[in-house]
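Student: Predicted coordinates and the sequence they were generated for:
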Number of protein chains: 2
Amino acid sequence: MEKPYVIGMDMGGTNTVFGVVDARGTVISKSAIKTGAHTDVNLYIEDLHDELIKLIDTAGGADKFKGIGIGAPNGNFYTGNIEFAPNLPWKGVIPFAKLVSEKLNIPAALTNDANAAAIGEMTYGAARGMKNFIMITLGTGVGSGIIIDGKLVYGHDGFAGELGHTTAICENGRLCGCGKHGCLETYCSATGVARTAREILSSTTKDSILRNIPVDSITSKDVYDAAVEGDDVAKEIFDYTGKILGRSLADFVAFSAPEAIILFGGLTKSGDFIMKPVRESMEENLLPLWKGKIKLLFSELKEADAAVLGASALAWEL
Amino acid sequence: MEKPYVIGMDMGGTNTVFGVVDARGTVISKSAIKTGAHTDVNLYIEDLHDELIKLIDTAGGADKFKGIGIGAPNGNFYTGNIEFAPNLPWKGVIPFAKLVSEKLNIPAALTNDANAAAIGEMTYGAARGMKNFIMITLGTGVGSGIIIDGKLVYGHDGFAGELGHTTAICENGRLCGCGKHGCLETYCSATGVARTAREILSSTTKDSILRNIPVDSITSKDVYDAAVEGDDVAKEIFDYTGKILGRSLADFVAFSAPEAIILFGGLTKSGDFIMKPVRESMEENLLPLWKGKIKLLFSELKEADAAVLGASALAWEL
């Protein structure tokens, strides 16, 4: 008999959220534990087991589950390891998929969260039926998952698809957490937008309602709210961000000639303020053969469930 | 019985070179016709047939051939068409693989020359046994072929791998033949090197033996010869070129996490003058997880045969 369920698990530095998902992408049940509270990964696994087993038992037991898909920072699909993740309490190389699988007696697979999002979009979302697309997640950082010929690109070592760390500004670019300068992530993430706001506000005397907020606590949400009010500086911030992102997207198209680029994450909520300059800049920088042909889409996964759905999709491939 | 031979055909704007190749990558026989001399593609096909049939008959007839692999500008693997190639005498969409295949009664497949070079390198050259690598051809332009999981990346439309037209200089970049500004090809091709030479010589008064050559006729070979003589301006030109190419290579690694990048073409003959700055700049721009791990190799195909071998490799996959 076909096993009707999978488990999707999304691990962040603070929380680990997991849920039972059926083949149509319905999240049947959901729960969470704290990630950061566990300095010993074995105690974390104990806690995870105790919470997850309740959902599994309610759904009819481990026999009903095809697998567990895990999205985790620095997760390596090939090895199932979490390798040197800076935002997790466990150092070095953790054989995470093996630990989970052995504890729960269900096969488990692991990748990073942006890759999981791409597989989720292909399985349940805006990329159903697509064989070639690129998923870009615009959150605190910029993540990416690349699908070619219907398969996620892992590369030689399992870590392909780090487009947030490609060069977006060639000269005198911003310092990135990775140690490089000018990475896309330092401009086109939520934190990048806040950084642009601080730069523009402190280097000009232009009038802006953003000046009512202490400059160091301005968020991308504040910039959006100001843009809605018609604030010119807020619009300038989005224009600047969109111009950089659009040019980078055009470069990604030159690599894998995708049918679509799918955007996900907080920054997409700024709607046309960001999307209009992104689209214009992408079109301007595409080779003639691609102009007007690359779809720019938003994720169709419900935000609250997207991370769990994305990770769960990996389990259907087990 | 296994068919022992394939035909490799490399079409340029001036000449079309073709040869009979065996499974070990030996070019058994070779010939050529003029491309540009034929304004009617049907007359070109007649001429091609007349020359090629001699090689085929000498090798034992069409039954001995598994296929014909063709490398052609703007060649689309999916359709077998040559589409709007600016440097060929035939306009619009030419069903080239079909024309060749029907005329010679041997199956034919077609792609662009850089893609053919990548498949050739995987079949007979430096990438034997590799499943993930990127081929960069540094000639008059900059071409690329990307191999992921042992397969060439064609993308949604067949035109993936145009890395010569990714952004290498973000602001005030050079105008490219494609209409964009700042493309890698405008800096890191043979013509890009000559352009850099002209810029440096005309914007400074630095002493250089390159000043003995009329500035508009300086070639990348002249720059190499000057560098061999110890000319500082020539070295500066290669440093500038290598710095840009290395940064772009690091960005490509972030996309597909290849085991190696393989370089081919005239510019590689400048040896360490170009390779040292390329390697340094690539390492500087790689994410920590890839530092020191990406092989930078030269093509191992004999230059005179490389184009025919590359195209022939496509035919084994038919």
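Tutor: Nice, I can see it.

Student: next one: phi and psi at residue A:12?
Tutor: Dihedral pair for residue A:12: phi -110, psi 180, per degrees, to the nearest 10.

Student: Test my guess that it contacts residue A:35.
Tutor: Yes. If you go by Cβ atoms under 8 Å, residue A:12 and residue A:35 touch, sitting 6.3 Å apart. To be clear about C-beta, it is placed using only N, CA and C from the backbone, and glycine gets the same treatment.

Student: in chain A, what residue sits furthest out from the centroid?
Tutor: Distance from the C-alpha centroid of chain A peaks at residue A:205, with 35.5 Å (Cα atoms, centre = their mean).

Student: got the residue ranges for the strands in the stretch 51-200 of chain A?
Tutor: For the stretch 51-200 of chain A, strands defined by DSSP state E, counting those that start in this stretch occupy the ranges A:65-71, A:82-83, A:93-94, A:108-111, A:133-138, A:142-148, A:151-152.

Student: which helices and strands sit right next to the last one?
Tutor: In other words, strand A:151-152. Here strand A:151-152 touches helix A:113-124, going by 3 or more Cβ pairs under 8 Å, 6 or more residues apart in numbering or on different chains; DSSP states H and E.

Student: could you give the angle of the helix it packs on to strand A:133-138?
Tutor: 130 degrees (axes from the mean of the first three to the mean of the last three Cα atoms, to 10 degrees).

Student: If we ignore the residues flanking it in sequence, what's nearest residue A:227?
Tutor: Take residue A:227 and drop its neighbours on the chain: the residue closest to it by Cβ to Cβ, 6 or more residues apart in numbering or on different chains is residue A:234, 3.9 Å away.

Student: Just say helix, strand or coil for that neighbour.
Tutor: Assigned state for residue A:234: helix (three-state reduction, DSSP: H, G, I helix; E, B strand; the rest coil).

Student: So between residue A:12 and residue A:35, which is more surrounded?
Tutor: residue A:35 (22 against 18; other Cβ atoms under 10 Å in any protein chain shown).

Student: if we can go back for a sec, to residue B:301, which of the strands of the stretch 51-200 of chain A lies closest?
Tutor: Closest of the strands of the stretch 51-200 of chain A to residue B:301 is strand A:142-148, at 25.4 Å (criterion: Cβ to Cβ).

Student: Now do the same for that closest one: mean pLDDT, whole number.
Tutor: Averaged across strand A:142-148, pLDDT comes to 97.

Student: Check whether it comes near chain B.
Tutor: Yes. Applying Cβ under 8 Å from any Cβ of the partner chain, one finds strand A:142-148 touching chain B at A:146, A:148.

Student: quick one, what contacts residue A:182?
Tutor: Under the criterion of Cβ atoms under 8 Å, 6 or more residues apart in numbering or on different chains, the neighbours of residue A:182 are A:167-174, A:176.

Student: Out of these, give me the one that has the most neighbours.
Tutor: Of all these, the highest neighbour tally under other Cβ under 10 Å goes to residue A:168, namely 27 neighbours.

Student: hang on, that one packs against residue A:249?
Tutor: No. Residue A:168 is not in contact with residue A:249 according to Cβ under 8 Å; the separation is 10.5 Å.

Student: can you tell me which residues contact the nearest residue to residue A:155 once chain neighbours are set aside?
Tutor: Nearest residue to residue A:155 in three dimensions, chain neighbours excluded: residue B:257, at 2.6 Å (Cβ to Cβ, 6+ apart). Neighbour list for residue B:257: A:153-162, B:132, B:290 [criterion: Cβ under 8 Å, 6+ apart].

Student: between the residues you listed, which is nearest residue A:263?
Tutor: Of all these, residue A:263 sits closest to residue A:161, with 14.9 Å by Cβ to Cβ.

Student: my read: the closest one touches residue A:115, true?
Tutor: Yes. Here residue A:161 reaches residue A:115: they are 6.3 Å apart, a contact under Cβ under 8 Å.

Student: Could you measure from the residue of the stretch 101-250 of chain A found nearest chain B over to residue B:146?
Tutor: Per Cβ to the nearest Cβ, residue A:155 is where the stretch 101-250 of chain A lies closest to chain B, at 2.6 Å. For residue A:155, the distance to residue B:146 (Cβ to Cβ, to the nearest Å) stands at 11 Å.

Student: Same question for residue A:6.
Tutor: As defined by Cβ to Cβ, residue A:6 lies at a distance of 32 Å from residue B:146.

Student: same check, this time on residue A:88
Tutor: 32 Å.

Student: If you count surrounding residues, which of the two has more?
Tutor: Neighbours per residue (other Cβ under 10 Å) separate residue A:88 from residue B:146, with residue B:146 holding more: 28 against 21.

Student: Report the distance from stretch A:259-274 to the chain centre.
Tutor: Here stretch A:259-274 is found 12 Å from its chain centre; the criterion is Cα atoms, centre = their mean, to the nearest Å.

Student: what's the first-to-last distance across that stretch?
Tutor: End-to-end distance of stretch A:259-274: 21 Å, with Cα to Cα, to the nearest Å as the criterion.
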